[in-house]
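**Q** the following comprises the amino acid sequence and a computationally predicted model.
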Amino acid sequence: MSTPRQEPSGRRRLPPEERRRQLVAIGLQELAARPIHALSVDRVAEIAGISRGLLFRYFPTKQDFYVAVVGAASRRLLRAATPDPDDPDPLRAVLQAFVSFVDRHGDNYQAFFHGGFGADPQIRAIHDSMRDTMVERVVTALGCDDAPRTRLRLRAWWALVESLAVDRFRDRDPSVEEIVDYAAGLLPAVLGDPDSLSDPVSGS
């Protein structure tokens, strides 16, 4: 009769999903002190109290682990940018939360979505999903017509918001509040004339 394999001292056996969540959480904690390209799976495994080989049982490649960490960071951003139902200005709340998040995590945000990692199809899908969720929240905040051409304009506007947030992180000017004011102030012009763009679906 074989002897059950013992976990090394100090290591707690976790169900697979709990272990995956733990490893991703450690990855997020590590990103607070270093950019993603410097994120070491060896260090993550060491903090978790497991071997490098065991980490790769949960994430077959280093890129798979990075994708999981980026996905978790994106979900964290979306949670932070969820306006309170009672907020008197939900649009500003969404913008403020997003620009402030980029202001705190700009190096990694750029590396995630605008550097080498951004070329990965899974990372692009995370970025697209995050953008679409933010646009959905803007539509809800404004209570505007949710037509295809509205989404088209708001996706373009959101790309500008993102660019402004990233540039503000790099240059430290203007302030977060000025970026938020400027982005919000553009929306009347962005959405003003419902017939100025042909419907991207019908082409009419």
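**A** Happy to help now that I have it.

**Q** can you tell me which residues contact the residue nearest the centre of the chain?
**A** Of all residues in the chain, the one closest to the mean position by C-alpha atoms, centre = their mean is Ser74, 2.4 Å from it. Residues near Ser74 by C-beta atoms under 8 Å, 6 or more residues apart in numbering: Phe112, Ile126, His127, Ser129, Met130. No exception for glycine: its C-beta is placed from N, CA and C like everyone else's.

**Q** okay, and it sits in which element?
**A** If you go by DSSP states H and E, Ser74 is part of helix 62-80.

**Q** where does the chain dip in pLDDT?
**A** 1-12, 116-118, 193-204 (pLDDT under 70).

**Q** helices along that one, start to end?
**A** 16-31, 41-48, 52-58, 62-80, 90-114, 121-142, 148-171, 176-191 (DSSP state H).

**Q** how many neighbouring residues does Arg57 have?
**A** 12 (other C-beta atoms under 10 Å).

**Q** actually, Arg92.
**A** 17.

**Q** same question, Arg13
**A** Using other C-beta under 10 Å, Arg13 has 10 neighbouring residues.

**Q** distance check, it against Asp145.
**A** The gap separating Arg13 from Asp145 is 54 Å, by C-beta to C-beta, to the nearest Å.

**Q** and for Ser175?
**A** In this view, Ser175 and Asp145 are 32 Å apart by C-beta to C-beta.

**Q** ok, now Arg20?
**A** With C-beta to C-beta as the criterion, Arg20 and Asp145 are 41 Å apart.

**Q** more neighbours: which of the two?
**A** Using other C-beta under 10 Å as the criterion, Arg20 and Asp145 rank with Arg20 on top: 17 against 10.

**Q** could you find the closest non-adjacent residue to that one?
**A** Once flanking residues are discounted, Arg20 sits nearest to Tyr58: 5.0 Å by C-beta to C-beta, 6 or more residues apart in numbering.

**Q** over to Phe113?
**A** Counting by C-beta to C-beta, 6+ apart, the residue nearest Phe113 is His127, at 4.6 Å.

**Q** could you do Phe169 as well?
**A** Once flanking residues are discounted, Phe169 sits nearest to Gly106: 3.1 Å by C-beta to C-beta, 6+ apart.
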